[in-house]
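K.L.:
the sequence and its predicted three-dimensional model are supplied below.
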Amino acid sequence: MAIGTKSGAIKVYGAPGVEFTGLHKDTTAVTQIHFLPGQGRLLSLLDDNTIHLWELVAGTPRDVGGVKREGVICLQEVGSYSLPGRPGIESCSATRVTVLLLLRSCDLLCIGTEGGGVYFLELPRLSLKDSQTLLQDQVTQSLPDDYRCGKSLGPVESLQEHPQQSGKILIGYSRGLVVLWDLSARHAEQLFLGKQQLESLVWERSGNLFVSSHNDGGYSVWAVTNGNTYNHQPVSSTIPYGPFPCKAINKILWRTTQTGSPVLLYSGGMPRASYGDRHCLTIQQDKDHVTLDFTSRVIDFFTVHSIEQENEYDDPSALVVLLEEELVVIDLQTPGWPTLPTPYLAPLHSSAITCSFHISSVPPKLWERLVNAGRAQQGRQHVHGSWPICGGKNLAPQPKQQELLLTGHEDGTVRFWDASGVALTPLYKLSTANVFHTDCDPSDDPQDPSDDPDMQQEEEWPPFRKVGCFDPYSDDPRLGIQKISLCKYSNKLVVAGTAGQVIVLGLSDERSDHLVDVSVVDLLQDREGFTWKGHDRLEPRLKPAPFPPGFQPLVLVQCLPPASVTAVALHAEWNLISFGTSHGFGLFDYHRRNAVLARCTLHPNDSLAMEGPLSRVKSLKKSLRQSFRRIRKSRVSGKKRTITTPTSKVQEANAALAEQEDVAPVQRRIEPRSADDSLSGVVRCLCFADTFLRDGTHHGPTLWAGTNSGSVYAYALEVPGVGSGRVCERGGAGESSVCVEAVLGKEIQLMHRAPVVSISVLDGRGKPLPDPYEASQDLAIAPDMTNAHSVLIASEEQLKVFSLPKVSAKTKFKLTAHEGCRVRKVALVVFGSTAQEDYSEHTLVCLTNLGDMHLFNIPALRPQVRYDCIRKEDISGIASCVFTKNGQGFYLISPSEYERFSLSAKVLTEPLCSVQLDRPLEPTPASDGTTTQPQANGTHKNQMGQAEGQTEEPPSALSSPILDTPLDSPLSCADLTLDSTGELTVEDVRDFLTTVDEAENNLKNIKEEEGRSTGILIN
């Protein structure tokens, strides 16, 4: 199966794991694709009227992770052709291609055009056969006078080869005329004088009849008989959803079966007035009639059926429907025609993605329980039939470890995806809506229409059936998930949403009906002068609610004011969660259902934080006033300006040089941010750590919080049974009566007040502290508690390491001053050696607002290498990026596609597959590796001008290039919604709208750095 995209990508899918991707040089929409069966070749037609020939080629063997791998089979473009304009005609629309037909012999391509001409292209040479060209004038000469009547026949709408007699094709013209044309004799064998505008044609397998569909919502069956040149009337003509005006039937298929009754499939045809806005596809066989009702537009469809010539019947086994937003497969062999679950191309964006979270090395027990919960959810929704698209062979070994990608969505759901291989496969879906009373409660719904016999009779026609899972509409925007954290050892999950709700969930294998405990935490702490003007909190259910097997809510913590949660942290070993909003942060003990701490971080002037993202009371006047104040402040804050004469300009320049003597030449001077900036109290990050805060001899639990104004708060925690020199006795006598306590230990204010992006505590060896349970259960090397610890604080402008417990600066790297970019995402990653199995290094990976990756060693913060990864214009992609612990990452290249990349030479996730062909695979031509091919939609070709056989997540295309130049691939044609990732800030957009001078300076810095870049592996 091949899919063409709006941005010029071709994606070929076979059996699960068999995937190839090709990219056209231009980012032009692919309008048609045709396979050359058995040859490993395909043809593509682009919207710019060019035809391209692709073929599978064998890549060169390479060394990956110390292992010699065979060359990856790649899809490579080998030729292209553009139809020349007709002489004497100024407009090229006459030769604009409307339809392609590849003959069964695979040596001739028939091209239908808008001007009504049919041209013939020899394959695989892509050369035009002028002698075969059929122009409309030759056809009109054969028409009877009463049909001709001076009108044009219109564009060629359909070309179909005779199923039994090669060399004969049906040509359908827009006006309604259908011609059976003999290619060898070059004459019209039969003419079918249709009078209704034609949309599509399809042959019946025997070749004795064909079916035409029309723009009035009807279809006609025509008999093909010998000796009768003119056929004025079809055998039958039907408007299935008439008699009122109907929409066109865009495409129709007729498939014969051994049971006798043919299967008829067609898209469109709905009554205009009643259901003109529906996206439908109808399946009919005898008395069975189903109208599949989709939530997005039908692009194309085909059936999987018998194609061997000796077989008498088509016997279709499956229907594959490509929709604008998803792929749906219908099992045509099972009664009721159920849908089949897809092993790839599952729609990530059934509801808009708002956040994501990755888990590496998932324990087998947790994996098994999630899989079982997912199967219980599917129940009877899907039949577990075999996947019908089974071409090629997957050669990739089983993954060494299981990986989970969790995505939070606008409708309050969290979806769990198997990210172990090249495709994202859905495992389990968690919904948080049933914890609350929402606008669309099932209990509030009116009586079910199916219970009312009168309603049933009214709704019997058309027989709609909802199919597909793409549902872009949310019942309540407050349900949107903003932050996720999962502990894989304790099976505890924390999800936080748009209305200040923080839910702690535990994994259960049994269904449960219970009431969820609710705790309210007031982050304002009765501070006067602040009134919340945003949305209300979600109302929790007051009665027990049913929760299916899987993650079930234990406690709901409601922040007040109900602002969107901006950060969460979970420490399951201490039974603690921490959460932050634009007003402050809180600490909650979910074991004892006790709020431990609430700290307000609001600045006295921070009134904007009280309006909320969904508020409608934001005043344009107030926004303008704030802007003018900011401008006035920036003017007043500097020295008073002198009269700009040439002399004064020289003096200014000299004074500036004198001032900057203490600044390195490559650094930029960074202006400190004002403490009065709006949203300064937003909590950006939270972190738990067992470290030294009070003194250098006693370590214990601590909580760290960083804000938008560069403030860092460190709290020493008293957790019963945990601490220096104590033995942890969970559940011991009297423990439940002792509460967790938090005492402010340190408060740090960064000089430039830049937002704090990340906080991490490093042990005595300079290594990150292990996750909860890892040290206590001997799942990781115990941290060094004998030497002094340090804390790594990453702000938007610089990275800095402070010693603990004194909090004195040890080392720093001024990223903004050196590189002219700002930090957006930070992660501590383990890179394994390809040469030495047991050697690894901890590295700080930093993603900037320019879309590049900077790698630093820790704790010295020495720059190691810089890679270009995401286009700097792709604000949404940068905001959605999530790193794995072993050097890979994911980011959204469109609202529906994740791109997977790898910074590690050892850890690669790529498809390895083979395809059996009738011809030998040719090796790719050698390349000196000095050029890179064009990129489209965030997908990159490698240096040999080929796109490797791999695709990630629906319907993302991935390749595995080695890149030495900036990736400036153009924007995807998909509409990018800025609020789809839940992480975008005013700063993101402000960075995007930089001046031309700043952008040029940044590019100069990038060019300077490229000399030492060793390249990035993106897969």
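P.N.:
Noted; the coordinates are in hand. These numbers were taken from a predicted model, which means no experiment stands behind them.
K.L.:
from here on, just use CA atoms for contacts and neighbour counts.
P.N.:
Will do.
K.L.:
can you map out the strands along the stretch 51-200 of the chain?
P.N.:
Assignment of strands within the stretch 51-200 of the chain using DSSP state E, counting those that start in this stretch yields the ranges 62-64, 67-69, 73-82, 97-102, 108-113, 118-122, 127-128, 156-161, 168-173, 177-182, 187-193, 198-203.
K.L.:
can you redo these as CSV with mean neighbour count and distance to Thr438?
P.N.:
Shown next, in CSV, are these (neighbours: other C-alpha atoms under 10 Å; distance: least, C-alpha to C-alpha, whole Å):
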stretch, mean neighbour count, distance to Thr438
strand 62-64, 13, 52
strand 67-69, 11, 54
strand 73-82, 20, 49
strand 97-102, 22, 49
strand 108-113, 23, 54
strand 118-122, 20, 59
strand 127-128, 16, 63
strand 156-161, 24, 49
strand 168-173, 24, 53
strand 177-182, 22, 56
strand 187-193, 19, 58
strand 198-203, 24, 45
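K.L.:
what would the ones you listed look like in a markdown table with mean pLDDT and distance to Leu507?
P.N.:
Shown next, in a markdown table, are those (pLDDT from 0 to 100; distance: least, C-alpha to C-alpha, whole Å):
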| stretch | mean pLDDT | distance to Leu507 |
| --- | --- | --- |
| strand 62-64 | 60 | 38 |
| strand 67-69 | 60 | 39 |
| strand 73-82 | 90 | 42 |
| strand 97-102 | 94 | 54 |
| strand 108-113 | 94 | 58 |
| strand 118-122 | 93 | 61 |
| strand 127-128 | 91 | 63 |
| strand 156-161 | 95 | 55 |
| strand 168-173 | 94 | 60 |
| strand 177-182 | 93 | 63 |
| strand 187-193 | 91 | 66 |
| strand 198-203 | 96 | 53 |
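K.L.:
switch these over to a markdown table; also include distance to Ser512.
P.N.:
As requested, these are arranged in a markdown table below (distance: least, C-alpha to C-alpha, whole Å):
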| stretch | distance to Ser512 |
| --- | --- |
| strand 62-64 | 48 |
| strand 67-69 | 49 |
| strand 73-82 | 50 |
| strand 97-102 | 57 |
| strand 108-113 | 62 |
| strand 118-122 | 66 |
| strand 127-128 | 69 |
| strand 156-161 | 57 |
| strand 168-173 | 61 |
| strand 177-182 | 63 |
| strand 187-193 | 66 |
| strand 198-203 | 53 |
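K.L.:
indicate which one of the ones you listed is closest to Val516.
P.N.:
Taking C-alpha to C-alpha, strand 62-64 is the member of the strands of the stretch 51-200 of the chain nearest to Val516, at 50.2 Å.
K.L.:
quick one: closest of the strands of the stretch 51-200 of the chain to Asn575.
P.N.:
With C-alpha to C-alpha as the criterion, Asn575 lies closest to strand 62-64 of the strands of the stretch 51-200 of the chain, at 41.9 Å.
K.L.:
and Gln401, how many neighbours does it have?
P.N.:
By other C-alpha atoms under 10 Å, the residues close to Gln401 number 12.
K.L.:
so who does it touch?
P.N.:
By C-alpha atoms under 8 Å, 6 or more residues apart in numbering, Gln401 lies in contact with 360-362, 420.
K.L.:
please repeat the previous calculation with a cut-off of 10 Å.
P.N.:
Taking C-alpha atoms under 10 Å, 6 or more residues apart in numbering as the contact definition, Gln401 lies against 360-364, 420-421.
K.L.:
by neighbours, which of these wins?
P.N.:
Gly421 (22 neighbours).
K.L.:
quick check: that one is in a helix.
P.N.:
No: judged by DSSP: H, G, I helix; E, B strand; the rest coil, Gly421 forms no part of a helix; its state is coil.
K.L.:
now, the contacts of Gln401 that are in helices?
P.N.:
Judged by DSSP state H, the contacts of Gln401 include Pro364 as members of helices.
K.L.:
show me where this structure has helices.
P.N.:
Counting by DSSP H, the helices of the chain are 136-140, 145-148, 272-275, 364-378, 453-458, 620-637, 646-659, 815-819, 875-880, 986-992, 996-1010.
K.L.:
what comes up buried for the third one?
P.N.:
In terms of neighbour count (16 or more other C-alpha atoms under 10 Å), helix 272-275 has its buried residues at Arg272.
K.L.:
what does that helix contact?
P.N.:
Helix 272-275 has contacts (C-alpha under 10 Å, 6+ apart) with 217, 241-242, 244-248, 269, 278, 462.
K.L.:
mind doing that once more with 7 Å?
P.N.:
Contact with helix 272-275 is made by 245-247, as judged by C-alpha atoms under 7 Å, 6 or more residues apart in numbering.
K.L.:
just give me the closest of the residues you listed to Val18.
P.N.:
Checking the contacts of helix 272-275 against Val18 with C-alpha to C-alpha, the nearest one is Lys247 at 38.1 Å.
K.L.:
what about Gly336, neighbour count?
P.N.:
12.
K.L.:
name the nearest residue to Gly207, ignoring sequence neighbours.
P.N.:
The shortest distance from Gly207 to any residue other than its chain neighbours is 5.7 Å, reached at Pro163 (C-alpha to C-alpha, 6 or more residues apart in numbering).
K.L.:
give the contact list for the one you found.
P.N.:
Pro163 sits next to 205-207 when contact means C-alpha under 7 Å, 6+ apart.
K.L.:
so which of the strands of the stretch 51-200 of the chain comes closest to Met853?
P.N.:
Closest to Met853 of the strands of the stretch 51-200 of the chain is strand 62-64 (C-alpha to C-alpha; 21.5 Å).
K.L.:
can you get me the start-to-end distance on stretch 119-139?
P.N.:
When the termini of stretch 119-139 are compared using C-alpha to C-alpha, to the nearest Å, they are 14 Å apart.
K.L.:
need the contact list for the nearest residue to Ala248 once chain neighbours are set aside.
P.N.:
Closest residue to Ala248 apart from its sequence neighbours, by C-alpha to C-alpha, 6+ apart: Asn215 at 3.7 Å. For Asn215, the contact set (C-alpha under 7 Å, 6+ apart) comprises 197-199, 247-249.
K.L.:
again, only using 8 Å
P.N.:
196-199, 247-250.
K.L.:
what about the residue nearest to Ala433 when sequence neighbours are not counted, how many neighbours?
P.N.:
Of all residues not flanking Ala433 in the chain, Gly412 sits nearest, at 6.0 Å (C-alpha to C-alpha, 6+ apart). By the criterion of other C-alpha under 10 Å, Gly412 has 27 neighbours.
K.L.:
what does Thr531 give?
P.N.:
13.
K.L.:
so what pLDDT did it get?
P.N.:
With respect to pLDDT, Thr531 has a value of 84.
K.L.:
re the thing from before, would CSV of the contacts of helix 272-275 with pLDDT and neighbour count be doable?
P.N.:
Converted to CSV, those look like this (pLDDT from 0 to 100; neighbours: other C-alpha atoms under 10 Å):
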residue, pLDDT, neighbour count
Pro245, 92, 17
Cys246, 94, 23
Lys247, 95, 22
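K.L.:
who is the residue most central in space within the chain paired with across the strands?
P.N.:
Residue closest to the average C-alpha location in the chain (C-alpha atoms, centre = their mean): Glu897, at 2.4 Å. Legend: beta-bridge partners of Glu897 under DSSP bridges are Ser894.
K.L.:
so how far is Gln76 from it?
P.N.:
Noted for Glu897: a distance of 23 Å to Gln76, by C-alpha to C-alpha.
K.L.:
Pro397 now?
P.N.:
The gap separating Pro397 from Gln76 is 25 Å, by C-alpha to C-alpha.
K.L.:
please apply the same query to Ser564.
P.N.:
Distance from Ser564 to Gln76, by C-alpha to C-alpha: 47 Å.
K.L.:
can I assume Gln136 is in contact with Thr113?
P.N.:
No: using C-alpha atoms under 8 Å, Gln136 is not in contact with Thr113, being 10.2 Å away.
K.L.:
show the contacting residues for the residue nearest to Ala433.
P.N.:
For Gly412, the contact set (C-alpha under 8 Å, 6+ apart) comprises 431-433, 479-481, 497.
K.L.:
that concludes my questions; thank you for your assistance.
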